[in-house]
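A.B. asks: what's the 3D shape of this:
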Amino acid sequence: MKSTRKAGRPKVPAADRILRAASEMFYREGIRAVGVEAIAAKADVTKKSLYDNFGSKDALVAAYLRARDEHWRARLQDVVERQGGTAGDRLLSTFNALEGWIEEENFRGCGFVNAAAELPHDGHPARAVVLDQKSWLRGYLADLAAEGGAADPESLAEQLVILHEGANVASSLNTSKDAAQKAKEVASILVADLR
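C.D. replies: Numbers count the residues shown, from 1 in each chain. Presented below is the predicted three-dimensional model:
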């Protein structure tokens, strides 16, 4: 029997190929615009294989967002730890991480916000991933703010999340050049008193 695998394609497990194809297509084209047939074709698998590995398109969307979240968290924490310094310095370095992310990974804006706009119903499994991602970022920032002795770490974290989200949107719409660094300038005022 002749293999249908494309010449030169690495022998990556089907689930990995499906997730990679779906991630690229969902982010670039939009979740609703991409069908399972197109994903299966790009991943060089059958629709049956897609369903065997993920169960449904909704579950695949959630898996795409979880993988994107894991990638963002690892990158953010890596930048923060490498740049080090005081808690205030580390809070500001989250904007450096955001700047790099926007330049390399986020040309269409925040994948989580984009997904939330396409999937407005609370019952969709991807909505829980989106909310978890935003909650994690706020918690991460609140922990850093608490380390630095902020009087109200939760409120400061909320303000910083708003700056992060605003920089993402401004950048994706090309309404502000260097949006992450401009957001960092505002954030530097908010964290000036932290240790």
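A.B. asks: quick one, helices of the protein?
C.D. replies: Along the chain, counting by DSSP state H, helices occupy 14-29, 36-43, 47-54, 57-83, 87-105, 111-118, 125-147, 153-172, 179-190.
A.B. asks: save those as TSV, and put in mean pLDDT and mean neighbour count too.
C.D. replies: Every C-beta, even on glycine, is put in place using the N, C-alpha and C of the backbone. Formatted as TSV, these follow (pLDDT from 0 to 100; neighbours: other CB atoms under 10 Å):
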stretch	mean pLDDT	mean neighbour count
helix 14-29	96	19
helix 36-43	97	17
helix 47-54	95	16
helix 57-83	97	17
helix 87-105	95	20
helix 111-118	94	19
helix 125-147	96	18
helix 153-172	96	19
helix 179-190	97	18
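A.B. asks: domain ranges for this protein?
C.D. replies: Listed by automatic domain parsing, the domain ranges of the chain are 11-55, 57-190.
A.B. asks: so for the last one, first residue to last residue, what's the gap.
C.D. replies: Okay, so that is domain 57-190. This stretch, domain 57-190, spans 42 Å end to end (CA to CA, to the nearest Å).
A.B. asks: distance between that domain and the chain's centre?
C.D. replies: Chain-centre distance of domain 57-190: 8 Å, with CA atoms, centre = their mean, to the nearest Å.
A.B. asks: one more: the shortest one?
C.D. replies: Between the centre of domain 11-55 and the centre of its chain there are 19 Å (CA atoms, centre = their mean).
A.B. asks: surely residue 90 touches residue 145?
C.D. replies: No: under the criterion of CB atoms under 8 Å, residue 90 makes no contact with residue 145, lying 9.9 Å away.
A.B. asks: shared neighbours of these two, anything?
C.D. replies: Applying CB atoms under 8 Å, 6 or more residues apart in numbering, one finds that no residue jointly contacts residue 90 and residue 145.
A.B. asks: ok, residue 187 - contacts?
C.D. replies: By CB under 8 Å, 6+ apart, the contact list for residue 187 reads 91, 92, 95, 159, 160, 163.
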